[in-house]
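>>> sequence below, structure please.
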Amino acid sequence: MNPQGTHNPTRLSEDFKNILAQSGGQPITLQKIAKILQGGRGLNILVLLFALPFCVPIPLLGFSIPFGIALIILGLRISLRKDPWLPKQLLQREISYSTLNKMIGVALKIMSQLEKVLHPRLQFLNRWATFTTFSGLLITSCAFLLMLPIPIPFTNTLPAISIALIAAGMLDENGAIILTGYLMAGISYSYIFFLGFLGNSGLDLFRFI
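Modelled structure (predicted):
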């Protein structure tokens, strides 16, 4: 039995299963999802939910832009240490049950592995205001990369992994996971810049020929 006054939060995977259960097999709006999650872990778990589906190459046509916009806004809210907020028009965006089921399925597979290493570590990093601000801004910048319409493998995946790691690390005050997210963000930017360099080099070669 837990000592009086303590509370063990639900595992992240349970939060995701709750969304699927409360949808009742019907389409669900982002507003309802936000309401379900805000009763638990709030801002960072919303970030996780929007980022995790892009961590693996599954077809989610039409969602990279609305989810990317949501992640940009949520990242800014985190950096400013504000409560969750999304525009009404975005909150009214509806997700079909089949898409939701696919999203939650991906999230659960990833979280089953991630939860094995998610426990408080280097907590002092997560408690610095500057550290939180930087994490939020990095989520925002990676969300912008996620939205870029580049039909090349990993251009969505790498930024999404970075966002998911940062959000998960902040949820469980795991500074090591957050720093890993920072590293993935660096890899994401390096990959995008490398693709841009190849593109410019290819154009220069085409002009020369």
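
>>> measure Leu114 to Gly105 for me?
15 Å (Cβ to Cβ, to the nearest Å). The way it works is simple: take the backbone N, C-alpha and C, and place the C-beta from them, glycine included.

>>> per-residue confidence for the closest residue in space to Pro87 that isn't next to it in sequence?
Nearest residue to Pro87, sequence neighbours excluded (Cβ to Cβ, 6 or more residues apart in numbering): Ile73, at 7.5 Å. Reported pLDDT at Ile73 in the predicted model: 90.

>>> Ile73: neighbour count?
Neighbour count for Ile73, taken as other Cβ atoms under 10 Å: 17.

>>> by contact count, what packs against the helix or strand of the chain with the lowest mean pLDDT?
Within the chain, no helix or strand scores below helix 123-126, which has a mean of 71 by mean pLDDT, DSSP states H and E. Secondary-structure packing of helix 123-126 (3 or more Cβ pairs under 8 Å, 6 or more residues apart in numbering; DSSP states H and E): helix 175-208.

>>> the helix it packs on packs against which elements?
helix 123-126, helix 129-147, helix 157-171.

>>> could you find the closest non-adjacent residue to the residue nearest the centre of the chain?
Central residue of the chain (Cα atoms, centre = their mean): Ala51, 2.9 Å from the mean position. Closest residue to Ala51 apart from its sequence neighbours, by Cβ to Cβ, 6+ apart: Ile163 at 4.0 Å.
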